[in-house]
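Student: Quick one, fold the following:
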Amino acid sequence: MEGSIARPAFHSRSLDLPAARAYAARVLERFGTSPENAAVTADALMRAEADGLGTHGLTRLPSYGAMAAAGKIDGHAVPKMRRVAPSVLAVDAGNGFAYPALALGLPALAGMARASGIALMAVRRSSHFGVAGQPVEALAHEGLVGLAFSNAPAAIAPWGGKRPVFGTNPIAFATPLKGRAPAVVDLSVAKVARGNILAAVQRGEAAIPEGWALDSEGNPTTDAKAGLAGTMVPMGEAKGTALAFVIEVMAAALTASTFALDAPSFFDGDGPPAAVGHVVIAINPGAVAGDAYLDHLERLALAIESEPGARLPGTRRLFNRERAAREGVTLSAGVQRALAQMGFVDTTD
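Tutor: Now for the predicted structure:
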């Protein structure tokens, strides 16, 4: 049509892992994140993408960019840590990204756990936790058992209620295994991750599968936008919201952080910093099980794997990780379009 403005066409692109990491860092720096924080955050997003956890990967760049640009996340925050008890580490994320705070505290946490048998790291004034399995897997690679808890903005109503009180609240666990990669359990109390609905909206898809979400009136919905504005269906019904309560206490109450019901969205730049909390616990299995831990655990692992069709938790990530190392990952047209609308133009192509 004469006089109309041509809109740029976006197509999905394949990026190798270093290119994906570099792209994410450029986006974050463009929207007001320091190079140091951008590098740590971009690496976490790239690893999520490589593991097949796209809802916590490159899809997050538009929302992370919006929050950093608005000051909802301080992209230049420098986290600080202090030892507040022999086995307790307190980390202040400074209303910045979670990843630099975790990177600062994890080595100290691991050292404390090796020395004392168990140690706890409490992170406050933080934001989106990302893939909860990443910090606990890092501990497992150090020979430790890891547990992680985080809260998130309210997206789940207490069972029987309509108003969201709990976040999708991730919980993660990892243990070393004998002579192979750790086993990792990483789950949200929602039936599916809320990022799946965000990704559907970014792709321009109107519908989501039945059973994922409820609208703002508490009614089941297959409308992606209505689901994003409403609440998520908890896994296990009442049991899911009971677990959400446990995680809320561990992540928010123990760290004196913002409860889910008061936290602003992780998906836009509106509102104040989220100031949510995370707790990571590291356990030295040798302190109680001695050198027999790995041999003893291997018997359980082999029993699981001997069942046809069964697999250890986290196995699928390893397959995805190996494939991504060979084939790279996909940067979707939807993410590129959203970033372009925010003013990001990648001049490296």
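
Student: Restrict the helix or strand of the chain with the lowest mean pLDDT to CA atoms and write it as CSV.
Tutor: Ranked by mean pLDDT, DSSP states H and E, the helix or strand of the chain with the weakest confidence is helix 194-202, at a mean of 79. Output in CSV follows, covering the C-alpha atoms of helix 194-202 (Å, rounded to 0.1, in the frame of the first residue of the first chain):
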residue,chain,number,x,y,z
ARG,A,194,4.4,-19.6,33.4
GLY,A,195,7.1,-18.8,30.9
ASN,A,196,5.3,-21.3,28.5
ILE,A,197,2.3,-18.9,28.4
LEU,A,198,4.6,-15.9,27.9
ALA,A,199,6.3,-17.7,25.0
ALA,A,200,3.0,-18.4,23.4
VAL,A,201,2.0,-14.7,23.6
GLN,A,202,5.4,-13.7,22.1
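
Student: Look up how far residue 41 lies from residue 56.
Tutor: Going from residue 56 to residue 41 by C-beta to C-beta, to the nearest Å gives 12 Å. Yep, even glycine has a C-beta here, placed from its N, CA and C like the rest.

Student: When the two are compared, which one has more neighbours?
Tutor: residue 41 (29 against 24; other C-beta atoms under 10 Å).

Student: Which parts of the protein are strands?
Tutor: Listed in chain order, the strands found in the chain under DSSP state E are 13-15, 80-85, 88-92, 118-126, 145-150, 170-177, 180-188, 213-214, 220-221, 231-232, 276-283, 329-331.

Student: Out of these, which gets nearest to residue 45?
Tutor: Of all the strands of the chain, it is strand 329-331 that lies closest to residue 45, at 10.1 Å by C-beta to C-beta.

Student: what's that closest one in contact with?
Tutor: Residues from elsewhere that reach strand 329-331 (C-beta atoms under 8 Å, 6 or more residues apart in numbering): 12-15, 17, 20, 23, 46, 49-50, 57-58.

Student: Kindly recompute the last result at 7 Å.
Tutor: 12-15, 17, 20, 23, 49-50, 58 (C-beta atoms under 7 Å, 6 or more residues apart in numbering).

Student: In PyMOL, select just the buried ones from those residues.
Tutor: Buried subset of those, written as a PyMOL selection, criterion 16 or more other C-beta atoms under 10 Å:
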select buried, resi 13+15+17+20+23+49+50+58
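
Student: Now, the contacts of strand 329-331 that are in helices?
Tutor: In this view, the contacts of strand 329-331 that belong to helices under DSSP state H are 17, 20, 23, 49-50.

Student: So the chain: which segments form each domain?
Tutor: According to automatic domain parsing, the chain comprises the domains 7-70+314-349, 80-190+234-313.
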